[in-house]
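Colleague: generate a structure from the sequence data that follows.
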Amino acid sequence: MRTQGTSSEDQIRNHIYNNFLAPDPNRPRLLRSLVAPPYVRVTFNLDWDPLQFILQQDYPLPPEEAFGQIICLTGTWQEAQVSTIAEYMSEMWPITSKGLLTAVKQHLADPTTVSTCTILHNQTIQLRNWSLVEAQGPLGFVAEIGEQLGWLSSAMRSNPLSKGVVACSPSIKTVQIAEAGFQHDKSLAAHFNIHSDISVNQDISSADRGFCWANLFETLS
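Modeller: Numbers count the residues shown, from 1 in each chain. Sure, this is the predicted structure:
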């Protein structure tokens, strides 16, 4: 399994920004200007189960320890980067990734609890279960959490094929967005679904030039 590159992550970030900032008169009052609201709360629904994925791989470590060390391939069919989950997230999101990594590790260690991590006084991640993650804070923070969840949910996905390499790209859809009353003034709440789209390239072979990595990232029968 490999993950499509940063263009998919950019689409998620832009989608979140556009939904909060687009000047549409039919949307709530706070959404009618291009001024970012000071505080938002977003609920993300995802179709992933990282615990099941890790257990299927038979890593010789507890799930919460294996998580950050999982090797992923991110990029395009022509150019890709190999890194661990922890390395890639630290490189792409050096500040906000720490909170999400901590929350996921906590939930891997004990899936029966709600995992909460506060990065700054007004930036919070809450992982209720694998399909429901809530982020609260400034719009930029929440958008980055959406990017990371999209990448993670695509990277930590088993190959559905018995043999071969597939690419997995995240996509996002708005369910609801509305004004809401929190402890902050002018707050907004939104609900997004994040899905993973799988594509297959039947022509990939480790014998092809530039694809010596293929056998490392395919599922063998």
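Colleague: without its sequence neighbours, what residue ends up closest to the residue nearest in space to the middle of the chain?
Modeller: Centroid-nearest residue in the chain: residue 149, 1.5 Å away (criterion: Cα atoms, centre = their mean). Leaving aside its sequence neighbours, residue 149 sits nearest to residue 44 (Cβ to Cβ, 6 or more residues apart in numbering; 5.4 Å). Glycine gets a C-beta too; all of them are placed from N, C-alpha and C.
Colleague: buried set for the host helix or strand of residue 191?
Modeller: Assessed by DSSP states H and E, residue 191 sits inside strand 187-200. Within strand 187-200, the residues that count as buried by 16 or more other Cβ atoms under 10 Å are 187, 188, 189, 190, 191, 192, 194, 195, 196.
Colleague: quick one: the helices in the chain, in order.
Modeller: All helices of the chain, identified by DSSP state H, fall at 6-21, 50-57, 63-66, 85-92, 97-109, 139-155.
Colleague: quick one: mean pLDDT over the last one.
Modeller: Averaged across helix 139-155, the pLDDT comes to 92.
Colleague: now the protein, which segments are flagged as low pLDDT?
Modeller: Counting by pLDDT under 70, the ranges of the chain that qualify are 1-7, 21-38, 77, 161-165, 178-187, 201-221.
Colleague: residue contacts, residue 132?
Modeller: Residues in contact with residue 132, defined by Cβ atoms under 8 Å, 6 or more residues apart in numbering, are 43, 44, 45, 46.
Colleague: typed the wrong thing, it's residue 8
Modeller: Neighbouring residues of residue 8 by Cβ under 8 Å, 6+ apart: 150, 151, 154, 169, 170, 171.
Colleague: can you tell which of the helices of the chain is closest to residue 76?
Modeller: The closest of those to residue 76 is helix 6-21. By Cβ to Cβ, the value is 8.5 Å.
Colleague: okay, buried residues for the closest one please.
Modeller: Within helix 6-21, judged by 16+ other Cβ under 10 Å, the buried ones are 6, 8, 9, 11, 12, 13, 15, 16, 17, 19, 20, 21.
Colleague: what's the answer for stretch 131-141, then?
Modeller: By 16+ other Cβ under 10 Å, the buried positions in stretch 131-141 come out as 133, 134, 135, 136, 137, 138, 139, 141.
Colleague: which ones among those lie within strands?
Modeller: Taking DSSP state E, the ones among the buried residues of stretch 131-141 that sit in strands are 133, 134, 135, 136, 137.
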